[in-house]
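*Asks:* structural data only, the sequence is not supplied:
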Ligand code: GLU
């Protein structure tokens, strides 16, 4: 059996979008599941589209996710270089091979000639412009129509030319895709695609096929947007007489409403990130935060991305990287596009935050809390974390979520306080403060028992007293156990806050 080797082959045209992360992740999972290799190759032959800094952010994003290549631009490897711009001479050599065996030809048509020809054909043919293919190549300026003498003269004059693939319309193009099953294309609909540009740079098609072959890629896992290029790739494998890799085209990431492909603009409009890690636009200096900067746990993010388009066939949703490697299969990748759902990403994060240890959470908020209040000690912070750990979606929310426990209450829910307040409870309040004063406050349980006893003695309902106490002590109706809160707040502060009742009722 051939060794499983997959690759992620981004073009450095900007930051790593979550769609790209998923392609890299699935390629990585598939390789690791089968004990194979995962490569990172940079496809930077389209220099006009290259954006400075992209390569760094791609590396940084993959590193953050734990998707570490076995071979690639940083790791090196037996097939180095892994940056296509450094492999120019290799592509030229293979393009020449195709020329020599009649599978490709030279084309001297200038860009302007082609543009004018297309426009004319569109005008003559109800807006449908001609394709450079088997039926039109005979009208064009290429090595199939020109004499050898003319070709030699054009070359001597340094007339720019490209190398085009000679697509035979009767050639049968079909392949089995691991996600979309059998895919067929009609070759007569395919154009004679440019393989090598006039500047000597290969196009994506030539470089991609040559590299996948030389780098011994067994499975090409990529986004559905590349499916339209695959028939040309299949024809290239045939022209070289090489075995084509197995293909798997992943479904698109869709906008939350399912209407169209997810873009950065959707993220800006709806307020969620679409990049993995932060990117600074080198031209405008604009910084766009990624999931990492928005406070996502890396494992939660990876889990979320993995589930956008795949499941293991059960209801299970939580998978760490190791479990993903164990359970992943391309057969279970969905055919339909995956709708992006930011609430689900937050849910994953919440699940992972809940699995963090107390120490990790203390560590996450310790510096900021002690900076805000130098008198907070480790014991307090640890208790604080215990109280609030299940009430947050992100680690960074810990500091603020219970701020009333270490600083003054900024805002009171006065409406609810006034609604819940019963004047018959006035004596209870006095007695409750006496209870606190006389109690050594050893456990929340004890405070709870004593409080409930007192409520009963006063023949009042819990539903009236507990909300009033909660608002007096915390300002809001939300929060963890009120008895735990009293314990952590301490008796002095609790009593002091309860004494504000009349003032608050009259404000
Ligand atoms: N360079 C292409 C990209 O930017 C690679 C497509 C492929 O994986 O073949 O996504």
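*Replies:* Thanks, I have it. This structure is a prediction, so every number in the text was calculated from the model and none was measured.
*Asks:* make it CA atoms for all contacts and neighbour counts henceforth
*Replies:* Noted.
*Asks:* for residue 358, phi and psi?
*Replies:* Dihedral pair for residue 358: phi -60, psi -40, per degrees, to the nearest 10.
*Asks:* what's the first helix or strand after the host helix or strand of residue 385?
*Replies:* Secondary-structure element containing residue 385, defined by DSSP states H and E: helix 378-388. In the C-terminal direction, the helix or strand that comes right after helix 378-388 (DSSP H and E) is helix 397-401.
*Asks:* next, the distance between the ends of stretch 450-470.
*Replies:* From the first residue to the last, stretch 450-470 extends over 16 Å; the measure is CA to CA, to the nearest Å.
*Asks:* list the buried residues of it.
*Replies:* Going by neighbour count (16 or more other CA atoms under 10 Å), the buried part of stretch 450-470 is 450-452, 454-455, 460, 464-470.
*Asks:* going by residue numbers, what spans are helices in the stretch 301-450 of the chain?
*Replies:* Counting by DSSP state H, counting those that start in this stretch, one finds helices in the stretch 301-450 of the chain at the ranges 321-327, 342-354, 358-372, 378-388, 397-401, 414-420, 426-438, 444-457.
*Asks:* among those helices, which is nearest residue 30?
*Replies:* Ranking the helices of the stretch 301-450 of the chain by their distance to residue 30 (criterion: CA to CA) puts helix 321-327 first, at 7.2 Å.
*Asks:* mind listing what's buried in the closest one?
*Replies:* Burial within helix 321-327, assessed by neighbour count using 16+ other CA under 10 Å, is assigned to 321, 324, 325, 327.
*Asks:* still on that earlier bit, tell me which of the helices of the stretch 301-450 of the chain lies nearest to the ligand.
*Replies:* Proximity to the ligand (CA to the nearest ligand atom) singles out helix 321-327 among the helices of the stretch 301-450 of the chain, at 20.6 Å.
*Asks:* if we can go back for a sec, and the buried residues of helix 321-327, which two are furthest apart?
*Replies:* By the measure CA to CA, 321 and 327 form the most distant pair in the buried residues of helix 321-327, at 9.9 Å.
*Asks:* run through the residues of this structure sitting next to the ligand.
*Replies:* Contact residues of the chain with respect to the ligand, defined by CA under 6 Å from any ligand atom, are listed as 9, 10, 11, 43, 222.
*Asks:* secondary structure of the second one: a helix, I assume?
*Replies:* In other words, residue 10. No. Residue 10 sits outside any helix when classified using DSSP: H, G, I helix; E, B strand; the rest coil, being coil.
*Asks:* quick one, helices of the stretch 1-150 of the chain?
*Replies:* With DSSP H, counting those that start in this stretch, the ranges of helices along the stretch 1-150 of the chain come out as 18-33, 54-65, 88-100, 111-124, 148-156.
*Asks:* so which of those helices gets nearest residue 165?
*Replies:* When these are compared for distance to residue 165 using CA to CA, the nearest one is helix 88-100, at 8.1 Å.
*Asks:* test my guess that residue 25 contacts residue 306.
*Replies:* Yes. The pair formed by residue 25 and residue 306 meets the contact definition of CA atoms under 8 Å, at 7.3 Å.
*Asks:* which ones are touching the residue in the stretch 251-400 of the chain that the ligand sits nearest to?
*Replies:* Distance from the ligand to each residue of the stretch 251-400 of the chain (CA to the nearest ligand atom) is smallest for residue 252, at 12.6 Å. Contacts of residue 252 were listed using CA atoms under 8 Å, 6 or more residues apart in numbering, and they are 19, 223, 224, 225, 261, 336, 337, 338.
*Asks:* of these, keep whichever come out buried.
*Replies:* A residue is treated as buried here by neighbour count (16+ other CA under 10 Å); on that basis the buried members of those are 19, 223, 224, 337, 338.
*Asks:* would you turn those residues into a markdown table with pLDDT?
*Replies:* Shown next, in a markdown table, are these (pLDDT from 0 to 100):
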| residue | pLDDT |
| --- | --- |
| 19 | 95 |
| 223 | 96 |
| 224 | 95 |
| 337 | 94 |
| 338 | 93 |
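*Asks:* would you turn those into JSON lines with distance to residue 490?
*Replies:* Supplementary listing: those in JSON lines, determined by distance: CA to CA, whole Å:
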{"residue": "19", "distance to residue 490": "50"}
{"residue": "223", "distance to residue 490": "58"}
{"residue": "224", "distance to residue 490": "60"}
{"residue": "337", "distance to residue 490": "54"}
{"residue": "338", "distance to residue 490": "50"}
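*Asks:* which one among those gets closest to residue 193?
*Replies:* When the buried ones among the contacts of residue 252 are ranked by distance to residue 193 (CA to CA), residue 224 comes first, at 19.4 Å.
*Asks:* verify the stated contact: the closest one with residue 250.
*Replies:* Yes. Using CA under 8 Å, residue 224 and residue 250 qualify as a contacting pair, with a distance of 5.2 Å.
*Asks:* the residue of the stretch 201-350 of the chain found nearest the ligand - nearest residue in space that isn't next to it in sequence?
*Replies:* Closest residue of the stretch 201-350 of the chain to the ligand, CA to the nearest ligand atom: residue 222 (4.7 Å). Of all residues beyond its chain neighbours, the one nearest residue 222 is residue 249 (5.2 Å), with distances taken as CA to CA, 6 or more residues apart in numbering.
*Asks:* pull the residues that contact the host helix or strand of that neighbour.
*Replies:* Element membership for residue 249, per DSSP H and E: strand 246-250. By CA under 8 Å, 6+ apart, the residues outside strand 246-250 that reach it are 23, 176-180, 218-224, 226-227, 330, 333, 335.
*Asks:* hang on, residue 409 packs against residue 474?
*Replies:* Yes. At 6.6 Å, residue 409 counts as touching residue 474 under the criterion of CA under 8 Å.
*Asks:* neighbour count: those two, which is higher?
*Replies:* More crowded of residue 409 and residue 474, by other CA atoms under 10 Å: residue 474, with 26 against 17.
*Asks:* OK, contacts around the nearest residue to that one once chain neighbours are set aside?
*Replies:* The shortest distance from residue 474 to any residue other than its chain neighbours is 5.7 Å, reached at residue 404 (CA to CA, 6+ apart). For residue 404, the contacting residues are 410, 474, 475, by CA under 8 Å, 6+ apart.
*Asks:* what ranges of the stretch 401-507 of the chain fall below the confidence cut-off?
*Replies:* Within the stretch 401-507 of the chain, not a single segment meets pLDDT under 70.
*Asks:* my error: substitute the stretch 1-150 of the chain in the last question.
*Replies:* In the stretch 1-150 of the chain, no residues with pLDDT under 70.
*Asks:* same question, the stretch 151-300 of the chain
*Replies:* Along the stretch 151-300 of the chain, segments meeting pLDDT under 70 are nowhere present.
*Asks:* would you map the strands across it?
*Replies:* Using DSSP state E, counting those that start in this stretch, the strands of the stretch 151-300 of the chain run over 162-165, 172-177, 181-186, 194-196, 219-223, 246-250, 253-254, 279-280, 287-288.
*Asks:* pretty sure residue 354 sits against residue 391.
*Replies:* No. Residue 354 is not in contact with residue 391 according to CA under 8 Å; the separation is 9.1 Å.
*Asks:* and for residue 173, nearest residue in space, chain neighbours not counted?
*Replies:* Nearest non-adjacent residue to residue 173 (CA to CA, 6+ apart): residue 185, at 5.4 Å.
*Asks:* that neighbour against residue 171, yeah?
*Replies:* No. Residue 185 is not in contact with residue 171 according to CA under 8 Å; the separation is 9.8 Å.
*Asks:* among the two, which residue is more densely surrounded?
*Replies:* The residue with more neighbours, out of residue 185 and residue 171 and counting by other CA under 10 Å, is residue 185; that gives 16 against 13.
*Asks:* list the contacts of that one.
*Replies:* By CA under 8 Å, 6+ apart, the neighbours of residue 185 are 172, 173, 174, 231.
*Asks:* ramachandran angles for residue 108?
*Replies:* Note on residue 108: backbone dihedrals following degrees, to the nearest 10 are phi -100, psi 0.
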